[in-house]
Structure formats: C-alpha cells, structure tokens
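> Provide a 3D model corresponding to the input given below.
(one chain, ligands or ions: 1)
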Amino acid sequence: MHEFSVMSEVMDTLVAESEKNDVKSVRKVFLEVGDLTFLGHEQLKFAYEILVEGTVFDGSELVIESKPALVKCSSCGYEGELKYEENPEFHLRLPDFSCPKCENPASIVSGNECIIRRMVADVED
Ligand SMILES: [Zn+2]
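Here you go, the predicted structure:
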C-alpha cells in the first residue's frame with residue numbers, strides 16, 4: 001500500500017519534531033497533499049490511525065488539505081491549473097504534462113508534494 005509507506009515517512013518526521021519540542025500530546029496534524037500524488041485521503045488517514053498507536057500522536061486528528069496541480073509553460077508563459085484525466089497508470093508513473101494552451105511540455109510547479117503544514121500540540125512546561 002503506497003499510502004502506508006508515505007505515511008510512515010511522514011510519521012518519522014512528525015515524531016522527530018515532537019521529540020525535539022518536548023511535545024506531550026498532539027491534537028491535530030495538518031497535511032497538504034498534492035493532487036498529483038494520487039494518494040487516497042481515506043487510506044492516508046487509515047495508515048495514520050495505525051501508525052500513531054503508542055505515540056504522542058495517539059488520539060490526534062489528521063487534517064488533509066488537497067493542493068491542485070499547477071504547471072508552468074516555458075514556451076508560452078502559461079501558468080495555472082493543469083487539465084488531466086484520472087488514469088490508473090498515473091499511480092505508477094507520472095505522465096509528461098503538456099501545456100493546456102500551446103501543448104508544449106510544461107513543468108510541474110506544485111501538486112506532486114506531500115507536506116506537513118503544522119501540528120497543534122500540548123508542550124511540556
Ligand atoms: Zn504553453
């Protein structure tokens with residue numbers, strides 16, 4: 001399960017951060033997930049529930065915000081949302097994206113990342 005391995009990497013970072021900051025218990029974690037990651041939000045939450053057991057994150061809420069895919073075209077200067085169709089093959093390999101305006105190859109500006117935005121936690125005095 002792809003979501004599980006992604007979430008376990010996220011957890012490693014979260015746990016390291018919480019230890020650094022003497023976190024007692026965590027209430028909320030905000031995660032930003034790009035549309036181009038094709039990660040299932042429900043699967044991510046499911047993996048989270050399993051991974052937080054026995055940690056300071058146990059009982060916290062995972063809030064997932066999606067981020068649309070944005071591209072930039074160096075040929076015509078287009079910058080904006082990407083039009084693409086959901087295709088199961090994308091889950092294995094990202095396709096080459098073309099500019100919706102001039103159809104030249106465009107580069108991805110955002111949408112392929114999975115970022116920890118912030119977490120709400122109680123800190124030890
Ligand atoms: Zn273009």
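
> Let me know the next secondary structure element after the helix or strand residue 42 falls within.
If you go by DSSP states H and E, residue 42 is part of helix 41-51. Where DSSP H and E defines the elements, the next helix or strand beyond helix 41-51 is strand 61-67.

> Residue 63: what's its closest spatial neighbour, skipping adjacent residues?
Sequence neighbours aside, residue 30 is the residue nearest to residue 63 in space, at 4.9 Å (criterion: CB to CB, 6 or more residues apart in numbering). Backbone N, C-alpha and C define where each C-beta goes, glycine included.

> Low-confidence regions, the chain specifically.
For the chain, the stretches with pLDDT under 70 are 1, 84-95, 125.

> what does the protein have sitting close to the ion?
73, 75, 76, 78, 99, 101, 102 (CB under 5 Å from the ion).

> For this protein, which segments count as strands?
Using DSSP state E, the strands of the chain run over 23-34, 61-67, 70-73, 79-81, 106-110, 114-123.

> The biggest helix by length in the chain packs against which elements?
Longest helix in the chain, counting residues (DSSP state H): helix 2-20. Identification of packing neighbours for helix 2-20 by 3 or more CB pairs under 8 Å, 6 or more residues apart in numbering; DSSP states H and E yields strand 23-34, helix 41-51, strand 114-123.

> So residue 72 sits against residue 78, correct?
Yes. Counting by CB atoms under 8 Å, residue 72 touches residue 78, with 7.3 Å between them.
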